[in-house]
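just coords:
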């Protein structure tokens, strides 16, 4: 995977899947019967390593992503949270005033979430050079929505109210989030992550012109900060429902743009890299004119189909990306869906790993 992202010749695109660890696997569901809370499973280094390795043992992906949560660093910023089974994240004291923003502290990763570093180091030792170890973080805007709303939301009323009625408060919070997220990326890289994905899960709920104010600049702040200390670390940017934001995602400066299934893959590649394959904003650390690497974008719902359907769609995705001449990472357009047959997930990986033998 890292060779492909660096532009080296590879016989097939590397493959992994968002949410490849977890609920689609019986071995994980069995673990949940013993270790009942998500935070126990993700904040105990030994358990996090075990869950991260479950898909590695079963599917042999080219990327082994840390089992964790984007909210994991929040307590280290003086923002306590919990995850309630069946309901999701809960922040008991939502941040809605400047005084509360002032109380948010810089993240001390090693002091407050050392299990993340421990797990990444263990994964590197276990996987070696057989696959890339991947870290991930939440983007500043998405993290802010959780702490403003007090948890998950469908309407983001409190966040929108702050954005348009008290923007200074939101900008102050986003700035603090961005600086801590950048430090968290560095911490993961120093602990062994060979690439890091930024998830801006809720940025598509912003109008494009508001993305330019409340999300994009803070993603770029993270990327630029990390680039100063870790210039060779590949950074992947993923936004769910990003069809209206692809060009703006490119302007954030990540190395890899992860396209979801709402966009035709070829159209998305051309929008990101330009019709001539020379991106006007530059492919991350490669600079102006260099094309971005592309990740995606198989609809995870396809994995409910039969094996022939899965194979046809995986191969179609790979061939279409290869036809555009881009560095491509095979992935889903979103995470593996609940109830997806485990054998179909295995077939997805098998097809992608043997794509060069199937006529790409």
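Received it, and whenever you're ready, just let me know what you need. Source: prediction; values computed, not measured. Numbering: from 1, shown residues only.

okay, CA-based contacts and neighbour counts for the rest of this
OK.

might one say that residue 64 is in contact with residue 51?
No: Residue 64 is not in contact with residue 51 according to C-alpha atoms under 8 Å; the separation is 10.4 Å.

need the three-state assignment for residue 70.
coil (DSSP: H, G, I helix; E, B strand; the rest coil).

all strands of the stretch 51-200 of the chain, in order?
Secondary structure of the stretch 51-200 of the chain (DSSP state E, counting those that start in this stretch): strands at 63-65, 82-84, 88-90, 132-138, 195-199.

which helices and strands sit right next to the fourth one?
Packing contacts for strand 132-138, counted by 3 or more C-alpha pairs under 8 Å, 6 or more residues apart in numbering; DSSP states H and E, involve strand 63-65, helix 114-127, helix 167-191, strand 195-199.

next, the buried residues of the longest one.
Pointing back at helix 167-191 there. 167, 169-171, 173-189, 191 (16 or more other C-alpha atoms under 10 Å).

contact partners for residue 215?
Applying C-alpha atoms under 8 Å, 6 or more residues apart in numbering to residue 215 gives the contacts 140, 141, 203.

below-threshold pLDDT in the protein: ranges please.
For the chain, the stretches flagged by pLDDT under 70 are 278-290.

rerun at 90
Applying pLDDT under 90 to the chain picks out residues 5-9, 20-23, 84-88, 274-291, 359-360.

against residue 74, how distant is the residue sitting furthest away from the middle of it?
In the chain, counting by C-alpha atoms, centre = their mean, residue 99 sits farthest out from the average C-alpha position, at 30.8 Å. When C-alpha to C-alpha, to the nearest Å is the yardstick, residue 99 and residue 74 sit 17 Å from each other.

for residue 1, same thing?
30 Å.

check residue 224 too.
22 Å.

tell me which of these two has more neighbours.
Neighbours were counted for residue 224 and for residue 74 using other C-alpha atoms under 10 Å; residue 74 has more, 23 against 19.

so where do the helices sit in the stretch 151-300 of the chain?
157-165, 167-191, 208-214, 216-229, 246-251, 265-273 (DSSP state H, counting those that start in this stretch).

for residue 342, find the nearest of those.
Of all these, helix 265-273 sits nearest to residue 342, with 25.5 Å by C-alpha to C-alpha.
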